[in-house]
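In: next input, structure requested:
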Amino acid sequence: MNYQLGIVGGGLAGLSLAIQASRAGISTVLFEKKEFPFHKLCGEYLSRESLPFLESLGFDYKLMVPAEIDKLRMTNVSGKQLTVDLPLGGIGLSRYTMDNELMKIAKTHGAMILENTSVQSSQYIDNVHYIKTKAGDYQCEILVSAFGKQSNLSGKNKLEDDQGNNYLGIKYHARLPNYPEELISIHNFKDGYCGVCRLEKDWVSICYLSHTQNLRASNNSIAQMEDEILFQNSEIAAVFEHADMLYQKPIAVSNIAFKKKALVHEKIIYVGDAAGLITPLCGNGMSMALHGSYILGQLIQQYFNNQISDADLYLEYDKSWNHHFSKRMAVGRSIQSAFRKEKTADIGISLLNIFPFLNKRIISLTHGKNFYKG
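Out: The predicted model follows:
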């Protein structure tokens, strides 16, 4: 079947793009390898910078009764800690709920959502993308990869070597009755950190990133790694001790690498995590995915309205994405590198406690502003 726009991946970037495009009358197909609703590896903290855009898509987040978050707490293995106000603040809302609702909205606008459909390959021939799936073959004029952290297409787009920089991501949902609604916590441990925040339905998200060397040193056992490495931070140990886990096995994603990627490669446009994994310490990957989708959505509409060429589309997307995110990504990677080691993490928290003005500066560098111009 033929479509104007093809999107690989049903995460925040892909779904919000599908809504924008289909609402503008652009025939859109979205391929998602899983079936909605499903859980995803994500810290599930959404900065308020994205809420006006979400509301413009028809997403009424208030109906989900999310947690209202305005404080950040950081701790280290040594016991050093820091608590700061988040001027903009955010909400805690699960991807299980959020993605499913966005999928429904996309369908109401006419987007074709193909669940349980993995893209096996794509080829660009004579201005057409030929997409092969087990369910059949499809063609589209513009192809966007919004596949998140991993996909069959991800191997096509690498600007930097991943060797030595791989992480493992683990996420649990739990009940933790005494955890404050207004607080998001980042607890550091050796070569990693664990984020905790409250969500809707009295759920709590417990999500951590660990360098894969920690898992190798723990006989490839997640439970052993948690016991021997994560729980060296007493705050993490306390969270796990009091948490009532909501499912038996956590969500686990391996081979996560925070590397720079091309935004357009072989005529495929990349958005969200597919454009380069966003470190949690950038401030908020969910908002950056939505913002990137908004930028791309505006340009795709201009393209199909014959206002710009495909070359202009690629160029302007690259230019705008880098303008808004390149510094933010670089700062996030630098902070992540510093906090990987206990000694530099201790120094960092001590300095931030001594010089509070630095907190505001770092937050301003890693958080954005309302980007929706509707």
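
In: gap between the residue lying closest to Asn165 once chain neighbours are set aside and Asn166?
Out: In space, and not counting its chain neighbours, Asn165 is closest to Ala257: 5.2 Å by Cβ to Cβ, 6 or more residues apart in numbering. Placement of C-beta: from N, CA and C, glycine included. Look at Ala257 and Asn166: by Cβ to Cβ, to the nearest Å, they are 5 Å apart.

In: the two: which has the busier surroundings?
Out: Remark: of Ala257 and Asn166, Ala257 carries more neighbours, 18 against 15, as counted by other Cβ atoms under 10 Å.

In: for the protein, just list every one of the helices.
Out: 12-23, 51-56, 95-108, 212-216, 222-228, 234-242, 285-304, 310-339, 342-354, 357-366 (DSSP state H).

In: any chance of these in TSV, plus distance to Val119, mean pLDDT and mean neighbour count?
Out: Listed next are the helices of the chain as TSV, based on distance: least, Cβ to Cβ, whole Å; pLDDT from 0 to 100; neighbours: other Cβ atoms under 10 Å:
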stretch	distance to Val119	mean pLDDT	mean neighbour count
helix 12-23	12	98	28
helix 51-56	26	97	18
helix 95-108	17	98	20
helix 212-216	27	96	17
helix 222-228	29	98	16
helix 234-242	37	98	16
helix 285-304	18	95	24
helix 310-339	20	84	16
helix 342-354	40	75	15
helix 357-366	32	66	14
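
In: including distance to Ile125, could those go into JSON lines?
Out: Shown next, in JSON lines, are these (distance: least, Cβ to Cβ, whole Å):
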{"stretch": "helix 12-23", "distance to Ile125": "23"}
{"stretch": "helix 51-56", "distance to Ile125": "35"}
{"stretch": "helix 95-108", "distance to Ile125": "28"}
{"stretch": "helix 212-216", "distance to Ile125": "38"}
{"stretch": "helix 222-228", "distance to Ile125": "44"}
{"stretch": "helix 234-242", "distance to Ile125": "51"}
{"stretch": "helix 285-304", "distance to Ile125": "19"}
{"stretch": "helix 310-339", "distance to Ile125": "15"}
{"stretch": "helix 342-354", "distance to Ile125": "50"}
{"stretch": "helix 357-366", "distance to Ile125": "42"}
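
In: for Pro180, which of the ones you listed is the nearest?
Out: Judged by Cβ to Cβ, the one of the helices of the chain that comes nearest to Pro180 is helix 234-242, at 12.5 Å.

In: show me what that closest one is packed up against.
Out: Counting contacts by 3 or more Cβ pairs under 8 Å, 6 or more residues apart in numbering; DSSP states H and E, helix 234-242 is packed against strand 183-189, strand 192-198, strand 204-211.

In: for the longest one, which positions count as buried?
Out: Right, the one you point to is strand 204-211. For strand 204-211, the neighbour count (16 or more other Cβ atoms under 10 Å) marks Val204, Ser205, Ile206, Cys207, Tyr208, Leu209, Ser210, His211 as buried.

In: tell me where the stretch 101-250 of the chain is predicted with low confidence.
Out: Residues of the stretch 101-250 of the chain meeting the criterion pLDDT under 70: 149-164.

In: and the top strand by length along the chain, how far out from the chain's middle?
Out: As assigned by DSSP state E, the longest strand anywhere in the chain is strand 81-92. Its chain's average C-alpha position is 18 Å from that of strand 81-92, according to Cα atoms, centre = their mean, to the nearest Å.

In: what residues does it touch?
Out: The contact list for strand 81-92 (Cβ atoms under 8 Å, 6 or more residues apart in numbering) reads 44-49, 51, 61, 66-75, 181, 184, 197-200, 205, 235, 284, 349, 352-353, 356, 359-360, 363, 367, 369.

In: same thing but 7 Å
Out: The contact list for strand 81-92 (Cβ atoms under 7 Å, 6 or more residues apart in numbering) reads 44-49, 61, 66-75, 197-199, 205, 284, 349, 352-353, 359, 363, 367.

In: give the pairing partners of it; include direction for each.
Out: strand 45-47 (antiparallel), strand 67-75 (antiparallel) (DSSP bridges).

In: would a markdown table of the ones you listed with mean neighbour count and distance to Ala262 be doable?
Out: What follows is these, written out as a markdown table (neighbours: other Cβ atoms under 10 Å; distance: least, Cβ to Cβ, whole Å):
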| stretch | mean neighbour count | distance to Ala262 |
| --- | --- | --- |
| strand 45-47 | 27 | 26 |
| strand 67-75 | 19 | 32 |
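
In: select, out of the helices of the chain, the one closest to Asn2.
Out: Checked against Cβ to Cβ, the stretch from the helices of the chain lying closest is helix 285-304, at 14.0 Å.

In: which secondary structure elements does that closest one contact?
Out: Using 3 or more Cβ pairs under 7 Å, 6 or more residues apart in numbering; DSSP states H and E, the elements in contact with helix 285-304 are helix 12-23, strand 45-47, strand 136-145, helix 310-339.

In: can you rerun that using 6 Å?
Out: helix 12-23, helix 310-339 (3 or more Cβ pairs under 6 Å, 6 or more residues apart in numbering; DSSP states H and E).

In: hang on, the earlier thing: ok, the buried residues of strand 204-211 vs Leu102, which is closest?
Out: Distances from Leu102 to these, taken as Cβ to Cβ, are shortest for Ser205 (18.2 Å).
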